[in-house]
Structures are given as structure tokens and as C-alpha cells.
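Trainee: Sequence and predicted structure, then a few things I'm wondering about:
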Amino acid sequence: MRLPFLKRPPLVAVVRLNGAIGMPGRGSLSDAALAPVLERAFKKGKPAAVALQINSPGGSPVQSSLIGARIRRLAEETKVPVYAFVEDVAASGGYWLAAAADEIWADESSVLGSIGVISAGFGAHVFLARQGVERRVYTAGESKSMLDPFRPENEEDVARLKRLLNDIHANFIAHVKARRADKLDGNADLFTGEIWLARRAAALGLIDGIAHLKPKMQDLHGEKTRFRVYGMKKPLLSRLGMQAAEDALGVIEERASFARFGL
């Protein structure tokens, strides 16, 4: 039985943001998948704070932006402070998510940064030619088949792609500057895609310091602070073992993303 006149200890909602950031429906972090999780975390039980437990090598810039914007909207609506705690890595889109928090904390060996944008592909036109295979493409609109991997690379297509990447990079930089403001080292070039361990990241102003989730939250809210953990659930078909091939591909892609940071 709950006695109404007894004040309960503060509650901290913990949201796990673990894995690559990608398109909805593939089991990766996405705005659509996280929306109900974040809604519950911010609004259930009147939490004193929301703690984001982040371990992500990044991924889709659009999904990173959407998730980050949702976190900020909910924080402002509920007046609940947000703290990010980095585990192995918060790089690229993972750092975008961390920057949505009011403060960022990390382990000494956490990897952070990679404030840049990357696009990778392949070219198979030489292989096809050797096999005697002719590629036939018909379009309405001269840019419709941009960067077709089965055709020779076109300089205009590359220039067009670089403009897109630069624009996305500018959005990323603006987000970090807006969120970290005067905490950033104004004399350092932080936006080259470089990565750092936590102590160096703290010296550059990318994070607020070295700390772990439970002791830090107890320092702020008291030893009796309660914790409630929220996270994404696997899709039903995946839990029943009916998406084995797609899940295996997703695991390979995610491991490749983490491997870029030596993890």
C-alpha cells in the first residue's frame, strides 16, 4: 500500500540508446522506434531527470537529428533535465544524440567525436565489362541515376554528392555549437571527423567530465534515487526467429560501424 503523505525518493528514467542509428523497421535506433520509449521516460512517474545511456557509432544523420530534436522537445515540455552517459562510443550520430543532453559524461576510455559525414559505395562497372554485361539505364531527369555503382563515376555526380555532405556537416556543426555553446574550445578544430578519448574530449569541451550513471545521479539527487530503465523492444517476428537473415545482416553492418572506432 502506498501512503500519500510519504515523499518518495527521486526517480531517474534511464533510456538505453544502444547500437547503430538507421532506418525504421530494421531493429536499429530510429525516431519511430524510440518515440514511445522517450515519451514514457519523460512523462511516467514524474522523473527528476532523464539519463541517456549511449553506446552508438552513429548512422543516419536524419534519424540522429529527429531523435535529438524529440529529446529536446520532451525536455522542454516536461522541464526535465537530460544527462548523457557514454559507454564504449558516442561518435558521429551517436555524439549528435549525446549533444541533445544538457550535460555529457563518459568513462575514461570512451570514444567520442567524429563530427563529420561519410558516404561510401562501390564501383562495379569494370567487373561488368569484363564479364560482357552491358548496363542499360533510362531516366527522365539527368540526375536521376546519380552515382549508379554499375556505371563509371561522373565528376558532376561526385561534386553534387559533396555539396550534400557539406550541407549535412554544416547542420551537424550547428547542432553541436548550439548545444555545447561556450563550453567548446574555440581555438581547436573540432569538426574534422577526429575522435578522442574522454579526458581529451572534456578538455575540448565536447563533454562535461568523467562520471558513471548511477553514482553521478546519486550525487545530484541523493543516495536513495530510484532508477527506471527504458529501452527498445525487438520486433515480434524477430523475437520468434522469423527474421534471421535480416537480423544477421543488421548485426554485420552494426559490427562494421563499431569496428571503425577500434571496438
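Mentor: That came in fine, so what should we check first?
Trainee: which stretch of helix or strand covers residue 173?
Mentor: Element membership for residue 173 (DSSP states H and E) is helix 155-180.
Trainee: before we move on, what about residue 200?
Mentor: With DSSP H and E as the test, residue 200 turns up in helix 198-203.
Trainee: hey, where'd the helices end up in the stretch 51-200 of the chain?
Mentor: Counting by DSSP state H, counting those that start in this stretch, the stretch 51-200 of the chain has these helices, from start to end: 61-78, 93-99, 125-130, 155-180, 198-203.
Trainee: Lowest average pLDDT across these?
Mentor: The minimum mean pLDDT among these belongs to helix 125-130 (a mean of 64).
Trainee: rewinding a little: point out the one among the helices of the stretch 51-200 of the chain that comes closest to residue 48.
Mentor: helix 61-78 (11.0 Å; CB to CB). Yep, even glycine has a C-beta here, placed from its N, CA and C like the rest.
Trainee: What does the pLDDT read for the residue nearest to residue 8 when sequence neighbours are not counted?
Mentor: Among residues not flanking residue 8 along the chain, residue 226 sits closest, at 7.5 Å (CB to CB, 6 or more residues apart in numbering). Per-residue confidence (pLDDT) for residue 226: 97.
Trainee: do the same with residue 6
Mentor: On pLDDT, residue 6 comes in at 64.
Trainee: ok so, going back, what sits against the residue nearest to residue 8?
Mentor: 8, 9, 10, 11, 12 (CB atoms under 8 Å, 6 or more residues apart in numbering).
Trainee: ditto for residue 77
Mentor: Residue 77 neighbours (CB under 8 Å, 6+ apart): residue 42.
Trainee: worst-scoring helix or strand of this structure, pLDDT-wise?
Mentor: Within the chain, confidence by mean pLDDT, DSSP states H and E is lowest for helix 236-239 among all helices and strands, at a mean of 49.
Trainee: Which other helices and strands does the biggest strand by length in the chain contact?
Mentor: In the chain, with assignment by DSSP state E, the single longest strand is strand 82-91. Counting contacts by 3 or more CB pairs under 8 Å, 6 or more residues apart in numbering; DSSP states H and E, strand 82-91 is packed against strand 49-56, helix 93-99, strand 103-106, strand 111-113, helix 213-221.
Trainee: Neighbouring strands of it in the sheet, and parallel or not?
Mentor: Here strand 82-91 has these sheet partners by DSSP bridges: strand 49-56 (parallel), strand 103-106 (parallel), strand 111-113 (parallel).
Trainee: now the longest one, how far from the chain's geometric center?
Mentor: Between the mean C-alpha point of strand 49-56 and the mean C-alpha point of its chain there is a distance of 11 Å (CA atoms, centre = their mean, to the nearest Å).
Trainee: now do stretch 163-183
Mentor: 14 Å.
Trainee: Now it: buried residues?
Mentor: Using 16 or more other CB atoms under 10 Å as the test for burial, stretch 163-183 gives 168, 169, 171, 172, 175, 176, 179, 180.
Trainee: sorry, back to before: with mean neighbour count and mean pLDDT as added columns, please give the strands paired with strand 82-91 in a markdown table.
Mentor: Listed next are these as a markdown table, based on neighbours: other CB atoms under 10 Å; pLDDT from 0 to 100:
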| stretch | mean neighbour count | mean pLDDT |
| --- | --- | --- |
| strand 49-56 | 23 | 98 |
| strand 103-106 | 25 | 98 |
| strand 111-113 | 26 | 97 |
